[in-house]
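**Student:** Predicted model, plus sequence, below.
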Amino acid sequence: MLDIRYIRENLHDVELRLKSRGAGVELSGFHALDARRRDLLQEAETLKALRNRVSDEISLVRDKSLEQDRIAEMRTVSQRIKVLDEELRTLDEEVRSFLLTVPNLPSPDAPLGVSEVDNQEIRRWGDIPALEFVPKPHWEIGENLGILDFECGAKITGARFTLYRGAGARLERALINFMLDLHTTRHNYIEILPPFMVNRESMTATGQLPKFSADLFHLEGVDYFLIPTAEVPVTNIHRSEILSGKELPIAYTAYTPCFRSEAGSYGKDTRGLIRQHQFNKVELVKFVRPSDSDIELERLLDNAEEVLRLLELPYRVVDLCTGDIGFSACRTFDIEVWLPGQNCFREISSCSNFGDFQARRASIRFRDEEKSKPEFVHTLNGSGLAVGRTLVAILENCQKADGSVTVPEVLRPYMGGLETISSIS
RNA sequence: GGAGAGAUGGCCGAGUAGGUCGAAGGCGCUCGCCUGCUAAGCGAGUAUACUGGGAAACCGGUAUCGAGGGUUCGAAUCCCUCUCUCUCCGCCA
């Protein structure tokens, strides 16, 4: 959510910056609404001040029968207040629901552009492996080894669900543990295991609602949603809190499954693990001082990249342009891992700075000094990493001509020492 | 699922025959005094949001005692709805 006063005072600038992300938001209606609201508020509060004063005076008089005139007068005043309050409630609701649909302002540092073709690659790491055979896509590798069963996932549930078996299941679990261990012991994140369902308020705070309900799974019977990312429950840990400046920065990491309806992506990435309704992810979330959020984003990004470096998987980092940045973010870097089976880079992590956008929706503030006024924190998050896609990258990058897959060295302790996944394992 | 109890400021905790209650008291915290050090002691201060004025310091108004409605000139206190927490029973990993 944007600062209503900032919009009020920088109407034109806000419109321009929203336009740069391709969001045509009309602010003139909002301006009128806001002005009307403040007029009514003034009137209502003046009347309330009068009522409070007179009521206090009445309370001092023993014999209320002497006060019938003023009581009657205040009855009229109260009726007027009621009407004004009613109207204000409506206006407040209109203002709020409008603000909830306005995306964040992109950072001035983000490259200008209209779509992903304008994103800028800023670095690459690792050598693309030179294989002396035609690399297979991971779904063929996984099926041949018997460790991924797409048919069975479809039978049990439906399209975009997959059953992992044997070494495949263990590899996924090894990756989760490896990532969590790395972030907690080397990068100083606190491990969180949150609920996998959240309420409407939490979804609104991080920005999934009200606009993107179609992307979510909603439960029947209770107003809960399956989380599309751990960002939602973990960011909401500090909803409606005033943190002490001494606690900042706060860094959490969490493994959760993620559930996405993938509405509107019919026919896209239908084969394999790339686009599932349920996938595992280890997430990184930070709460930081506004002055630190740029540098903290660099750190978070580096923490996510470290996973790929240790796994020895080649990747590149992309700076998302204004037109491609998500609704709540002001700056985003994607990490894309190399997939030889598909001969392309695929997103495996998205690391974003949200500025105070989520903090304002969620009312997450901090007090820098004991006596200083509370201000909004900045929130950041990024995948560290998407586990299913990491498994995909391992299968495709570490495949051998005979169809077996070499387990990256750092994962072997998590795999009971297993060095190679072959059909007999 | 059945029965009951509860929700007050950073924390603990008063306050229900409606008014002087943004709210006693204690703890904590901040500043000052005192003290050889520590502890104790003394004094002052210690919520947030919106809104009006002001360059600002700041001053004024309104709201907030789980949330939302209602009754009333006036609600932490009365009424209704909802949410959450706890206890007992049932069921259950």
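**Tutor:** Structure received. These numbers were taken from a predicted model, which means no experiment stands behind them.
**Student:** Work out for me the element the closest residue to A:Y6 other than its chain neighbours sits within.
**Tutor:** Spatial nearest neighbour of A:Y6, excluding adjacent residues (CB to CB, 6 or more residues apart in numbering): A:V14 at 7.2 Å. Quick note: C-beta positions are derived from backbone N, CA and C, even for glycine. A:V14 is part of helix A:11-19 when elements are defined by DSSP states H and E.
**Student:** In that helix, which residues are buried?
**Tutor:** For helix A:11-19, the neighbour count (16 or more other CB atoms under 10 Å) marks A:14-15, A:17-18 as buried.
**Student:** sorry, back to before: how far away is the residue nearest to A:Y6 from A:W338?
**Tutor:** Distance from A:V14 to A:W338, counting by CB to CB, to the nearest Å: 39 Å.
**Student:** which residues does A:D334 contact?
**Tutor:** Shown in contact with A:D334 (CB atoms under 8 Å, 6 or more residues apart in numbering): A:119, A:317-318, A:320, A:347, A:349-351.
**Student:** tell me which of the residues you listed is nearest to RNA strand B?
**Tutor:** Of all the contacts of A:D334, the one sitting nearest RNA strand B is A:C351; the distance, using CB to the nearest atom of the strand, is 28.9 Å.
**Student:** doesn't A:L105 make contact with the residue nearest to A:Y6?
**Tutor:** Yes. The pair A:V14 / A:L105 is scored as a contact, 6.8 Å apart, by CB atoms under 8 Å.
**Student:** Tell me the residues that contact both of the two, please.
**Tutor:** Common contacts of A:V14 and A:L105 (CB under 8 Å, 6+ apart): A:L2.
**Student:** still on that earlier bit, nearest to A:K82, of the buried residues of helix A:11-19?
**Tutor:** Nearest to A:K82, judged by CB to CB, of these is A:V14 at 34.7 Å.
**Student:** measure that closest one to RNA strand B for me?
**Tutor:** From A:V14 over to RNA strand B the distance is 16 Å, taken as CB to the nearest atom of the strand, to the nearest Å.
**Student:** Can you list the residue ranges for helices in the stretch 151-300 of chain A?
**Tutor:** In the stretch 151-300 of chain A, the segments counted as helices under DSSP state H, counting those that start in this stretch are A:167-181, A:200-206, A:231-235, A:293-311.
**Student:** ok, and which of these has the densest surroundings?
**Tutor:** Burial of those is given as mean neighbour count (mean count of other CB atoms under 10 Å); helix A:231-235 ranks first at a mean of 27.
**Student:** That one packs against which elements?
**Tutor:** With contacts taken as 3 or more CB pairs under 8 Å, 6 or more residues apart in numbering; DSSP states H and E, helix A:231-235 sits against helix A:200-206, strand A:250-259, strand A:278-288, strand A:378-386.
**Student:** would you list the ones you listed in a markdown table and tack on distance to RNA strand B?
**Tutor:** As requested, the helices and strands packed on helix A:231-235 are exported to a markdown table (distance: least, CB to the nearest atom of the strand, whole Å):
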| stretch | distance to RNA strand B |
| --- | --- |
| helix A:200-206 | 10 |
| strand A:250-259 | 16 |
| strand A:278-288 | 17 |
| strand A:378-386 | 16 |
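**Student:** Can you flag the weakest of the ones you listed by average pLDDT?
**Tutor:** Least confidently modelled of the helices and strands packed on helix A:231-235 is helix A:200-206, at a mean of 91 by mean pLDDT.
**Student:** So what's the gap between that one and the chain middle?
**Tutor:** Computed by CA atoms, centre = their mean, to the nearest Å, the chain-centroid distance of helix A:200-206 equals 10 Å.
**Student:** what sits up against it?
**Tutor:** Identification of contacts with helix A:200-206 by CB under 8 Å, 6+ apart yields A:100, A:209-210, A:216, A:223, A:225, A:231-233, A:235-236, A:239, A:328, A:358, A:361-362.
**Student:** Closest to RNA strand B out of the residues you listed?
**Tutor:** A:D223 (9.0 Å).
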